[in-house]
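Trainee: What would the 3D arrangement of this be:
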Amino acid sequence: MIECRTLGTWELKVDGQAPPSDLTWRKNFALLIYLARSPKRSRTRNHLIGLLWADKPEHDARRSLNVALSTLRQRLGTGGLETDGDQVRLGPGAVELDLDRLESLAAAGEMGGAADLARGDFLEGFALSDASEFEDWLLVERTAVRRRSLDVLTRRANELLDAGDTRHAEELCTSALRFDDLFEPVVRTIMYARAVGGDRAGALSCYEQFKARLGERLGTLPDQETEALAERLRRERVWQMPPTRGERVEHIGGGRRAPLEGRAEALERALAAWRACRAERRRSIIILEGDAGIGKTRLAEEIAARARVDGATTAAIRAVEADLASPWSGLLSLCRHELLDAPGIAGASPAALAALRAETAAPEFTRAFSEVVTAVCDEQPLLIVLDDVQWLDRESLLAILATLRDPPAPLTIIVTAPSDSARAEVDEVRARLGREVAGVALGLGPLPEGAIARLARWTVPTFNDEQVDRLTRRVAVDAAGIPLLVTALLEAVAAGLEFRNAQEGWQTRSHPGSDPSRGSARQRRRSNPGDVRARK
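Mentor: Predicted coordinates for the structure are as follows:
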């Protein structure tokens with residue numbers, strides 16, 4: 001069998017080995033590829049002569065074709081090349097093209113494998129100056145393949161975004177621009193990835209650069225969808241989950257936010273629920289459960305960030321223990337700090353707005369809140385986050401969850417709670433999931449070692465594979481896979497903490513010029529142990 005790499009620099013292999021030189025002669029190679037890309041892998045002799053030898057007298061052209069076919073027949077083996085009168089046909093399985101594999105993988109939805117094959121233009125650098133018909137075909141084919149590759153890379157980048165891997169999604173799209181830097185779906189995906197990653201300025205810069213290229217080369221403007229995304233990013237206020245006292249934010253190494261790792265499946269399921277809510281204009285709930293430090297808040301932030309880029313209104317409250325004894329405190333905080341400034345709020349009645357702006361609780365809060373939520377949803381989708389719902393006062397929780405029973409509207413409520421939280425209100429909604437209530441309940445567990453390894457490699461890129469492996473195994477044991485502790489330890493390593501082996505524990509790196517009177521690192525550990533596990 002002959003294997004042909006046609007994407008990027010072309011290459012041939014015959015049964016896994018380097019090809020005979022006569023098979024790489026340009027017209028022999030062109031004939032092979034053209035037949036492999038033809039309908040039913042078949043063409044007439046006259047068609048092939050006109051394609052590759054139109055500049056020759058007919059007798060000489062037919063002889064050249066026969067010589068080329070003889071070479072292919074010899075290299076393809078029995079049944080590899082069939083000739084029937086005027087018809088020339090490649091046999092089944094005689095030639096395998098990487099382009100065919102790309103198309104097959106893409107059709108099956110396996111975008112990861114398909115994207116790996118999109119290495120460059122079709123037959124990059126290949127040309128036949130004395131065969132204008134072939135050159136015309138090659139130009140058309142390259143254009144079609146380039147569009148196919150761009151589509152595959154864009155779809156794969158969106159898969160990575162849905163899995164929380166914004167960095168690799170952006171890298172993939174940036175590499176895709178080498179095919180066509182005016183392909184708008186790729187530009188939008190880069191904008192989306194940067195915006196979701198918190199780099200709104202970078203997203204808008206990408207838009208402005210694209211707009212300038214488009215104007216200079218084609219004298220046109222970006223299409224409506226791209227303009228709408230840019231406008232949303234311009235109007236968007238900086239937003240993040242409300243902080244609590246003593247909160248530790250997951251940042252590593254100079255303020256960089258750690259990538260989301262080990263949560264691909266949970267994020268994909270949550271985003272599917274959100275998108276169904278938006279597309280079908282239905283109310284839904286996403287319940288995120290897990291132990292303290294397991295990453296519930298971070299996952300809720302990732303969902304909310306994507307919802308905002310999609311054009312939704314987002315509002316959030318983070319409850320604290322004192323809220324349990326303060327009736328309506330959660331709902332009033334949600335309204336006064338977030339919801340009452342949302343687009344569409346003018347659609348609510350003055351009485352409802354006045355009730356929610358009142359200084360004291362009132363019996364009509366539940367009805368007023370429901371009316372305000374419906375008014376906001378009439379303008380654009382709404383996503384509400386209730387973080388640490390175990391501390392939210394009962395009155396607010398009941399009022400917010402009651403909106404799930406109202407007429408259809410694009411509303412999603414995200415609830416985060418510990419696994420052992422005993423909130424009957426949430427349990428009652430969970431029991432109706434999939435029947436009366438749309439949505440999903442997701443339990444989050446410890447990070448697997450693979451996710452910790454990727455975080456370690458991202459945090460300390462100067463570490464070699466052996467160092468990353470040692471660090472991963474140590475952090476996996478000491479942090480028990482809890483993301484909050486994993487990021488804390490990795491941040492400490494990036495700042496100077498080091499270890500020798502599991503028995504010696506962690507230690508602060510010594511620096512040239514340090515005071516020798518303080519003793520060796522081993523002595524300092526004995527007098528003042530620095531084992532991170534003890535400090536937990």
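
Trainee: residues of stretch 192-208 that come out buried?
Mentor: Residues of stretch 192-208 classed as buried by neighbour count (16 or more other C-beta atoms under 10 Å): 192-200, 202-204, 206-207. (Glycine included, C-beta is placed from N, CA and C.)

Trainee: Beta-bridge partners for residue 122, please?
Mentor: residue 7 (DSSP bridges).

Trainee: How about residue 3?
Mentor: residue 13, residue 96.

Trainee: and the gap between it and residue 375?
Mentor: As judged by C-beta to C-beta, to the nearest Å, residue 3 and residue 375 stand 62 Å apart.

Trainee: of those two, who's got more company?
Mentor: Between residue 3 and residue 375, counting by other C-beta atoms under 10 Å, residue 375 is the more crowded of the two (22 against 16).

Trainee: Past the helix or strand containing the more buried one, which element shows up next along the chain?
Mentor: Per DSSP states H and E, residue 375 falls inside helix 365-379. Stepping forward along the backbone from helix 365-379, the first helix or strand reached (DSSP H and E) is strand 382-387.

Trainee: Please name every helix or strand in contact with that next one.
Mentor: Under the contact criterion of 3 or more C-beta pairs under 8 Å, 6 or more residues apart in numbering; DSSP states H and E, strand 382-387 touches helix 296-309, strand 313-318, helix 394-402, strand 411-417.

Trainee: and residue 77, how many neighbours?
Mentor: Number of residues near residue 77 (other C-beta under 10 Å) recorded here: 14.

Trainee: show me the contacts for it.
Mentor: Residues near residue 77 by C-beta atoms under 8 Å, 6 or more residues apart in numbering: residue 94.

Trainee: Please report phi then psi for it.
Mentor: Dihedral angles of residue 77 (phi, psi; degrees, to the nearest 10) stand at phi 80, psi -180.

Trainee: tell me which element the residue of the chain most remote from its centre is part of?
Mentor: What lies farthest from the middle of the chain is residue 59; by C-alpha atoms, centre = their mean that is 58.1 Å. Per DSSP H and E, residue 59 falls inside helix 58-76.

Trainee: and the helix or strand just after that helix, which strands flank it?
Mentor: Downstream of helix 58-76, the next assigned helix or strand under DSSP H and E is strand 81-84. In the sheet, strand 81-84 lines up against strand 87-90 (antiparallel) (DSSP bridges).

Trainee: Can you list the residue ranges for strands in the stretch 401-536 of the chain?
Mentor: Under the criterion DSSP state E, counting those that start in this stretch, strands of the stretch 401-536 of the chain are mapped to 411-417, 438-443, 497-499, 506-508.

Trainee: closest to residue 72 out of these?
Mentor: Among the strands of the stretch 401-536 of the chain, the nearest to residue 72 by C-beta to C-beta is strand 438-443 (55.5 Å).

Trainee: Could you report the neighbour count for residue 111?
Mentor: Residues near residue 111, counting by other C-beta under 10 Å, number 20.

Trainee: any idea how far it is from residue 417?
Mentor: 34 Å.

Trainee: And the residue nearest the centre of this protein?
Mentor: residue 161 (1.3 Å).

Trainee: give me every residue that touches that residue.
Mentor: So residue 161 contacts 169, 189, 192-193, 196, 306 (C-beta under 8 Å, 6+ apart).

Trainee: which one in the residues you listed is the model shakiest on?
Mentor: By pLDDT, residue 196 ranks lowest within these, coming in at 90.

Trainee: That one contacts residue 307, doesn't it?
Mentor: No: using C-beta atoms under 8 Å, residue 196 is not in contact with residue 307, being 10.0 Å away.

Trainee: would residue 335 count as being in a strand?
Mentor: No: the assignment for residue 335 (DSSP: H, G, I helix; E, B strand; the rest coil) gives helix, which keeps it out of a strand.

Trainee: OK, contacts around it?
Mentor: So, once contact is read as C-beta under 8 Å, 6+ apart, residue 335 ends up touching 356-357, 369, 372.

Trainee: closest to residue 443 among these?
Mentor: residue 369 (29.0 Å).

Trainee: Can you get me a residue count around the residue lying closest to the closest one once chain neighbours are set aside?
Mentor: Nearest non-adjacent residue to residue 369, counting by C-beta to C-beta, 6 or more residues apart in numbering: residue 399, 5.3 Å away. By other C-beta under 10 Å, the residues close to residue 399 number 21.

Trainee: what about residue 399, distance to residue 406?
Mentor: 12 Å.

Trainee: what is in contact with these two at once?
Mentor: residue 370.

Trainee: State the phi and psi torsions of the closest residue to residue 88 other than its chain neighbours.
Mentor: Among residues not flanking residue 88 along the chain, residue 43 sits closest, at 5.7 Å (C-beta to C-beta, 6+ apart). Here is the backbone geometry of residue 43 (degrees, to the nearest 10): phi -150, psi 160.

Trainee: do you know how far residue 43 is from residue 97?
Mentor: Distance of residue 43 to residue 97, given as C-beta to C-beta: 16 Å.

Trainee: again, but for residue 218
Mentor: For residue 218 relative to residue 97 (C-beta to C-beta), the value is 33 Å.

Trainee: More neighbours: those two, which one.
Mentor: Set residue 218 next to residue 97 and count neighbours by other C-beta under 10 Å: residue 97 wins out with 19 against 9.

Trainee: centre of the chain versus the longest helix along the chain, how much separation?
Mentor: In the chain, taking DSSP state H as the definition, the longest helix is helix 132-162. Helix 132-162 sits 21 Å away from the centroid of its parent chain (C-alpha atoms, centre = their mean, to the nearest Å).

Trainee: Equivalent analysis for stretch 206-222, please.
Mentor: Relative to its chain's centre, stretch 206-222 lies at 25 Å (C-alpha atoms, centre = their mean).

Trainee: just stretch 120-128 next, same as before
Mentor: Counting by C-alpha atoms, centre = their mean, stretch 120-128 comes out at 31 Å from the chain centroid.

Trainee: Please work out which residues outside that stretch touch it.
Mentor: If you take C-beta under 8 Å, 6+ apart as the criterion, stretch 120-128 is touched by 6-10, 26-27, 29-30, 33, 52, 99, 134-135, 138, 141-142, 145-146, 178-179.

Trainee: Please report the distance of residue 7 from residue 373.
Mentor: Remark: distance between residue 7 and residue 373 (C-beta to C-beta) = 51 Å.

Trainee: More neighbours: which of the two?
Mentor: The residue with more neighbours, out of residue 7 and residue 373, is residue 373; 26 against 22, by other C-beta under 10 Å.

Trainee: Tell me who's in contact with the closest residue to that one other than its chain neighbours.
Mentor: Of all residues beyond its chain neighbours, the one nearest residue 373 is residue 403 (5.0 Å), with distances taken as C-beta to C-beta, 6+ apart. Listed by C-beta under 8 Å, 6+ apart, the contact set of residue 403 reads 283, 369-370, 373, 411, 413.

Trainee: Output these as a markdown table; include the columns pLDDT.
Mentor: What follows is the contacts of residue 403, written out as a markdown table (pLDDT from 0 to 100):
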| residue | pLDDT |
| --- | --- |
| 283 | 96 |
| 369 | 93 |
| 370 | 94 |
| 373 | 95 |
| 411 | 97 |
| 413 | 97 |
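
Trainee: Which single one of those is nearest to residue 390?
Mentor: residue 413 (15.5 Å).

Trainee: measure the closest one to residue 296 for me?
Mentor: 14 Å.

Trainee: neighbour-wise, which of these two wins?
Mentor: Neighbour count, other C-beta under 10 Å: between residue 413 and residue 296, residue 296 has more, with 27 against 23.

Trainee: Which residue comes closest to that one once chain neighbours are left out?
Mentor: residue 416 (3.9 Å).

Trainee: so that neighbour touches residue 386, yeah?
Mentor: Yes: using C-beta under 8 Å, residue 416 is in contact with residue 386, at 7.2 Å.
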